[in-house]
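Undergrad: I'll drop the sequence and a predicted model, then ask my questions.
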Amino acid sequence: MSDHESRLEILRFGRMLHDRGLIAATDGNISVRLNEVSALITPTCMSKGMMCTEDLLVVDMHGRKVSGFRDVTSEIGMHMTIYRMRPDINAIVHAHPPTATGFAACGLALDQALISEVLLSLGEVPLAHYATPGTSELSAALEPYIPGHDAVLMANHGVVTYGCDLMQAYMNMETVEHFAKIALVVKQLGCERPLAAEQVSKLHEMRQRMQSHRSELRTRA
Ligand SMILES: [Zn+2]
C-alpha cells in the first residue's frame, strides 16, 4: 500500500471510530507502519473523524517527526513500543470505547471465557495497570502484554488494539467493545456460565492454527 493509500485508510477508520462512538472530541490515535524505518500517525488535538490527508505525520521508528505540519500525538511512545516488540504488527488503534473503558476504570480485564468466537478471533483481553497518558510508564505498563495479545485494556484510560493491517487493528477494537457490552449484560443477568477449561483449550488450539495459517499466507504473498 502506498503512502497516499495508507493516509486514506487512516482517514476512513478515523471516521468509523468517531461515527461509532469509540472516541469523542480529539480522543484516540491511529498509526500505520510504512516500512522498516517510518510510520504514519494521526496528530494531537484534532478529531480523528475530521482529518484530511495533510493532517497526518510521518515519524521515524523512534517517534521523531519526519514530515507533517501538525504535532505528533503524545501517545507516540506506546505505538513505537508495540512496533518494536511485534514485527508482525503493521497498524495500531487507540480509542476510548465507553463500555470497555468502563471495565478498565473498574479494574476489570475482559478475560473471561464467555464467548467462543471472541476467544477464537481475539483471545483474552488483559488489563494493564494505570500509568499517566503520554509517558514512558504507560509503555512499560503495556509491555508484559504486547507479545501475547492483540488488544489490551489500559486502567482508567482506554484500549489499544493492533494487527497485521489497519482493517484488523480496527476490527479488534470493535470486537473488544462488542464483547464488553456482552460481558456487561452477563454481569447484569448475574448467572454467568463461562466455558470449561477443556473447551477453552480447544479454542486456543484452533486460534493458534488459524494464526499460523494466516502468517503462512502472508509469507507466501
Ligand atoms: Zn487515550
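TA: Everything's here; your move. A quick note: this is a predicted structure, and the numbers were derived from the prediction, not measured. Numbering: from 1, shown residues only.
Undergrad: now the residue sitting furthest away from the middle of the chain: how far from V185?
TA: Of all residues in the chain, C191 has its C-alpha farthest from the mean position, at 30.0 Å, by C-alpha atoms, centre = their mean. For C191, the distance to V185 equals 11 Å [C-beta to C-beta, to the nearest Å]. C-beta coordinates here come from the backbone N, C-alpha and C atoms, glycine included.
Undergrad: where does the residue farthest from the centre of the chain land in three-state SS?
TA: Of the three states, C191 takes coil under DSSP: H, G, I helix; E, B strand; the rest coil.
Undergrad: Make residue 1 into 3 and carry on from there
TA: Sure, I'll start numbering at 3, so the last one becomes C193.
Undergrad: That one and A111: what is the separation?
TA: The gap separating C193 from A111 is 21 Å, by C-beta to C-beta.
Undergrad: Check S141 too.
TA: 19 Å.
Undergrad: Likewise for G160?
TA: Taken as C-beta to C-beta, the span from G160 to A111 is 14 Å.
Undergrad: neighbour count winner among these two?
TA: G160 (24 against 16; other C-beta atoms under 10 Å).
Undergrad: number of nearby residues for the closest residue to that one other than its chain neighbours?
TA: Of all residues not flanking G160 in the chain, H98 sits nearest, at 3.9 Å (C-beta to C-beta, 6 or more residues apart in numbering). Number of residues near H98 (other C-beta under 10 Å) recorded here: 19.
Undergrad: Assess the claim that H98 and G23 are in contact.
TA: No - using C-beta atoms under 8 Å, H98 is not in contact with G23; the gap is 9.8 Å.
Undergrad: Return the residues in contact with S217.
TA: Contacts for S217 (C-beta atoms under 8 Å, 6 or more residues apart in numbering) come out as D90.
Undergrad: oh, I was asking about R35
TA: 41, 85, 91-93.
Undergrad: State the distance from the residue nearest to it when sequence neighbours are not counted to M212.
TA: Nearest residue to R35, sequence neighbours excluded (C-beta to C-beta, 6+ apart): N92, at 4.5 Å. Distance of N92 to M212, computed by C-beta to C-beta: 18 Å.
Undergrad: can you pull out the strands in this structure?
TA: Counting by DSSP state E, residue ranges of the strands within the chain are 31-35, 40-43, 59-62, 67-69, 93-97, 129-130, 153-156, 160-165.
Undergrad: looking at these, which is buried most?
TA: Highest mean neighbour count of the strands of the chain: strand 93-97, a mean of 29 (counted as mean count of other C-beta atoms under 10 Å).
Undergrad: For G23, the count of nearby residues, please.
TA: Neighbours of G23 (other C-beta under 10 Å): 12.
Undergrad: any idea how far it lies from P99?
TA: Distance, G23 to P99, by C-beta to C-beta: 8 Å.
Undergrad: ok, now A133?
TA: 19 Å.
Undergrad: Repeat that for L19.
TA: In terms of C-beta to C-beta, L19 sits 9 Å off from P99.
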